[in-house]
Every structure is written in C-alpha cells, then in structure tokens.
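Enquirer: Got a sequence here, can you build the structure:
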Amino acid sequence: MNLEYKILWLDDHIEEFIADRHIQRIEKFLEEEGFEAQIVPVQIISDFFEKLDNSFDLILTDFHMKEMNGDEVVKKIRKEGHIFTEILFYTAQADLTNTDKLDRILFLQTTKNHHKQVVDKVKDLISLTIQKFHDIVVMRGMIMNETSDMDNQKLEMIKKYINNSDSEKTKDLKLDILNQINTSFSDKLKYVDGDWKTKDNGLKKLMKDSFVFSADYKIKTLSWILNDLSETDFSQEYQDEIIKVRNKFAHAKLEEEKDEAGKVIRKYFKHGEDGMTFDEALCKTIRTNIRKHKENLKTLQQKFDE
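Expert: You can find the predicted model right below:
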C-alpha cells in the first residue's frame, strides 16, 4: 500500500451505490485517514477482469450477477489471476454457508439496509488493512518515497519553466539560487565552468546534483516561479509540513513500548533533538499534508501543460 488506496468494485447494479452516494462516503472516509481514494466501479465482468491487477488494495464483488456468480469471480481472481488482494464478497440473497472459502476473503450476508451494511463492512475492512499498513517502519518508507517523488516533480517543473522562459526573465532567479548555493556549498562549484553567474549551463549543472540543489532549494525556486505566475505561494507550508518533517523522520530512532510481560505493544520513531514522536496519529497528519501538497503540485503542473 502507498498513499493511494485503490478499490476495484464489481456489481451489476453498481449504479445504485453511485446514485446513493455510498461510494463518495467511502472516498471521504479514506481521505479523512489521509489517503488518496481511487474507487473503480465496474458492472460488466469482462471490464472487471480487464482492469484487475495487483495494484488494488481491496476488491469488492456482489454474489448474484447475471454473467457470473461472485464465488466464480473470486475463484478466477485467485486461481487464474494469481492475485491475493483482500476481497469483500457480499450478498443480500444467497446463503453463503456452503460456499468454498478461499484465503483473505471476507463474506457478508446482509438482511436489511443492504447498501449501508456493505458500506459499513467496507469501512471496517479498510480500517483493518490500514492497521496492517501502520507498521511504523513501512510508514517511514512510504513517506520518504512520496516526498522523493514530489522532489522529482518540482525539479521537472523548474527545468521546464527555465527552458521555456526568456533568459533575461529568469536572470534574477538564477542569480538568487546560485548565490545561495555558492554561500552554502562553495566547494561544489567545481561542477561549473568559467563565470557561473552569467552562463546558463551553470545552474543546469548544479541542478543535476541532488545534494547541492536540495529539496530546500527546489521549493525556494518554485516559490519564485509561483510568484512570477501570480499563483498562491505554498512554499513555506511545504517547508514546514514536508521538508522539515521528512528530515526529522529520516534521522529519528525506532523505539518500542512493551507491556509488563515484555511484549511489544507499540512501535514509533522519535527524533532525538526535539523529541518529536512519529506515531500513528502523526503519520496520519503527514499523509494528509502529503496529499494536500501533491494536489498543489498537480495544479501547478496543469499550468505548465496549458
């Protein structure tokens, strides 16, 4: 699992779940947990198997369908597709007591308020998979990966802006960034030939060095570009909510809390200098902030693509 939580949902009456806004409720539930929700509703069996792959975190399927019963769908997923994603298998009509049980499948037979019961069970199962995901070591890996992806996205937009803008227009930007780098990393200027303040390739060479042109400089450069484009400057929030937190998380120490019997009941990371504790609650906040800034970058990227 990563920041995006994907659900593939097969029901030949899926339009009823859509019309009653049940899918939106599940999306909201996931977003409140700090995840990006991607729910793919399908009502035709062939479409379902065309979309099916290992990228989904949860699969939902009805039992009574015209083309193929749900238990046949499940067996095909497991035996032919070799996909072992969690599955919620539900029905309002059939008796499931004699249905062959397969690994990692939850069976739900509703009695009344069918749609509501299905949605409630989906939320329970999502909570279960999130709990499995909440291994704090896994969480750190996800956060580092997501922030690294945003770093790369920022760099590509900066390159595109500089390449597509008049050199005179970006002169101040180049001088400002290069002066900052010169002050902090004077020994790294071996990458630049001749008069680095006037040659366009000076900045381009430095930008290839991730140590020199760090996440800090990338967001500062993006701040300049945001202001030049008259867009909302979210750079300070990004500094506080992403870069500073990521840097602390990277250097935090894994600690364990044990009960009287010596059993580990909680794992968390703790940053030594300020005591910041990276537990489930903080990781939820971090996920939410990452999702927010991914949306900010997406909006800016659309400006570049216009």
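
Enquirer: Just the residues contacting stretch 19-33, thanks.
Expert: 5, 7, 9, 17, 36-37, 39, 41, 115-116, 118-119, 122-123, 126, 130, 284, 287, 291 (C-beta atoms under 8 Å, 6 or more residues apart in numbering). Where you see a C-beta, it was placed from the backbone N, CA and C, and this is true even at glycine.

Enquirer: can you rerun that using 7 Å?
Expert: 5, 17, 37, 39, 41, 115, 119, 122-123, 126, 130, 284 (C-beta atoms under 7 Å, 6 or more residues apart in numbering).

Enquirer: and the residues you listed, which are buried?
Expert: The neighbour count (16 or more other C-beta atoms under 10 Å) marks 5, 17, 37, 39, 41, 119, 122, 126, 130, 284 as buried among these.

Enquirer: Check which helix or strand the third one maps to.
Expert: Right, the one you point to is Ala37. strand 36-42 (DSSP states H and E).

Enquirer: what's the average pLDDT for that strand?
Expert: Average pLDDT, strand 36-42: 92.

Enquirer: could you say what helices and strands it packs with?
Expert: strand 4-10, helix 14-19, helix 22-32, helix 45-51 (3 or more C-beta pairs under 7 Å, 6 or more residues apart in numbering; DSSP states H and E).

Enquirer: Might you calculate how far that strand sits from the centre of the chain?
Expert: 14 Å (C-alpha atoms, centre = their mean, to the nearest Å).

Enquirer: quick one, that strand and strand 4-10 angle?
Expert: 10 degrees (axes from the mean of the first three to the mean of the last three C-alpha atoms, to 10 degrees).

Enquirer: Number the residues from 9 up from this point.
Expert: Okay, using 9 as the starting number, the last item reads as strand 44-50.

Enquirer: Of the helices and strands packed on strand 44-50, give the one that comes closest to Tyr169.
Expert: With C-beta to C-beta, the closest approach to Tyr169 among those belongs to strand 12-18: 26.9 Å.

Enquirer: can you give me the helices for the stretch 159-308 of the chain?
Expert: 179-192, 208-215, 223-236, 243-246, 252-258, 288-313 (DSSP state H, counting those that start in this stretch).

Enquirer: Not counting the fifth one itself, show me its contacts.
Expert: This means helix 252-258. So helix 252-258 is in contact with 148, 151-152, 155, 277, 279, 284, 286, 294, going by C-beta under 7 Å, 6+ apart.
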